[in-house]
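S.K.: below: sequence and its predicted model.
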Amino acid sequence: MARVHELLAGGRCFSFEFFPPKTDEAERALEKALGELEPLRPSFVSVTYGAGGSTRQRTREIVLRILSDTSMTPMAHLTCIGHRREELVEILDGYREAGVENILALAGDPPAGAEADQPTGDFRYAVELVELVRERGPFSVGVAAHPECHPRSCDRPTDRRHLAAKLSAADFGVTQFFFRAADYFEMMDELAALGIDKPVVPGVMPVTNVRQVQRFAELSGAAFPAELAERLQAVADTPGEVRRIGVEVATQLCQELLDGGAPGLHFYTLNRSTATREIYANLGLGGPEPG
């Protein structure tokens, strides 16, 4: 199996993100998306991990299923807030023994009912988890980056110093989704000024559901552009038109990122394949002709 930082060293990487389903219907949707996106031959795919370990078993099952039943390289998300050290060691050792070599190390959100400033568990910051991942095996380890700063950051310089510290300890970064290429490139310039040259893959989420993406943007701290919001609201009752605009805007963002030298693209699929396949086709990366 390939290690993500080695893939990035070899050239641009294109990857997809999935989340563990909660219902039988959602399970079928995930299986359909995996089957439809595998032919695009992504460099790797990632599987998210719920707050406080709420999807621990389901995340592991999907990661191992991708490893054993597909040609795709999985990367397991892992969060440390809400976990004891011994729990994290057990998870990491299990992944190592199963042959999983890629981990995205995240602080994560507190479990339901816990105070954000008083998280449970032995660790509070992602950099602490990165250090533990290093101890437990020869993993390729990534961290999250927020082009518009982490929503809990007190100020931009502090945010960038913390991000630089994480990237110094890790092999690569993957960003939260955003809507303006300038935000990504400004972040990269700020990191370079701090001596960081690790690759950071930009994350892209095509807008296919207005309310859902607006909610995600609020949670992640990403600014939802007013012009885009107006265009989408005008066609909010026509799902096909919403997706068409979303794909058009995401394609333009992706092209700007690639033209500017980004090391690849990471697509937040929301366990659906259509928008991602259409963007791939628009960019000439493969996939169906957009209809």
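M.R.: Thanks, I have the structure now. Numbers count the residues shown, from 1 in each chain.

S.K.: just the strands in this protein please.
M.R.: Ranges of strands within the chain are 13-18, 44-47, 74-79, 102-106, 140-145, 172-177, 200-204, 264-268, based on DSSP state E.

S.K.: for stretch 196-205, C-alpha coordinates in CSV please.
M.R.: C-alpha atoms of stretch 196-205 as CSV (Å, rounded to 0.1, in the frame of the first residue of the first chain):
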residue,chain,number,x,y,z
ILE,A,196,7.3,25.3,6.4
ASP,A,197,7.6,23.5,3.1
LYS,A,198,5.4,20.5,3.7
PRO,A,199,2.7,19.8,1.1
VAL,A,200,-0.8,20.9,2.0
VAL,A,201,-3.6,19.5,-0.2
PRO,A,202,-6.5,21.9,-0.6
GLY,A,203,-10.0,20.5,0.2
VAL,A,204,-12.9,21.3,-2.1
MET,A,205,-16.6,20.7,-1.4
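
S.K.: mind checking how far that stretch is from the chain centre?
M.R.: Here stretch 196-205 is found 10 Å from its chain centre; the criterion is C-alpha atoms, centre = their mean, to the nearest Å.

S.K.: for it, buried residues please.
M.R.: Ile196, Lys198, Pro199, Val200, Val201, Pro202, Gly203, Val204, Met205 (16 or more other C-beta atoms under 10 Å). Every residue, glycine included, has its C-beta placed from N, CA and C.

S.K.: go ahead and confirm the last one touches Gln212.
M.R.: Which is Met205. No. Look at Met205 against Gln212 with C-beta atoms under 8 Å: they stay out of range, at 9.5 Å.

S.K.: show me where this structure dips below the pLDDT cut-off.
M.R.: Scanning the chain with the threshold set as pLDDT under 70 gives 1, 111-120, 286-291.

S.K.: which other residues reach stretch 192-203?
M.R.: Here stretch 192-203 makes contact (C-beta atoms under 8 Å, 6 or more residues apart in numbering) with 5, 8, 13, 15, 17, 145, 147, 160-161, 164, 167-168, 170-178, 184, 187-188, 191, 257, 262-268.

S.K.: actually stretch 250-264, not the one I wrote
M.R.: By C-beta under 8 Å, 6+ apart, stretch 250-264 touches 8, 12-15, 43, 179-181, 184-185, 199-202, 204-207, 265, 275, 278-279, 282-283.

S.K.: buried ones among those?
M.R.: 8, 12-15, 43, 179, 181, 184-185, 199-202, 204-207, 265, 275, 278-279, 282-283.

S.K.: for stretch 90-99, buried residues please.
M.R.: Under 16+ other C-beta under 10 Å, the buried positions of stretch 90-99 are Ile91, Leu92, Tyr95, Arg96.

S.K.: contacts only, for the first one.
M.R.: In this case it means Ile91. Arg56, Arg60, Leu78.

S.K.: the last one now?
M.R.: The neighbourhood of Arg96, defined by C-beta under 8 Å, 6+ apart, consists of Arg136, Gly137, Phe139.

S.K.: among those, which ones are buried?
M.R.: Arg136, Phe139.

S.K.: can I get the contacts of Arg96 in JSON lines with distance to Ser153?
M.R.: Shown next, in JSON lines, are the contacts of Arg96 (distance: C-beta to C-beta, whole Å):
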{"residue": "Arg136", "distance to Ser153": "29"}
{"residue": "Gly137", "distance to Ser153": "31"}
{"residue": "Phe139", "distance to Ser153": "27"}
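
S.K.: can you flag which of the contacts of Arg96 belong to helices?
M.R.: When DSSP state H is applied, those are split such that Arg136 fall in helices.

S.K.: picking that back up, let me have the contacts of Ile91 in a markdown table, extended by distance to Glu248 and neighbour count.
M.R.: As requested, those are exported to a markdown table (distance: C-beta to C-beta, whole Å; neighbours: other C-beta atoms under 10 Å):
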| residue | distance to Glu248 | neighbour count |
| --- | --- | --- |
| Arg56 | 38 | 17 |
| Arg60 | 37 | 20 |
| Leu78 | 35 | 26 |
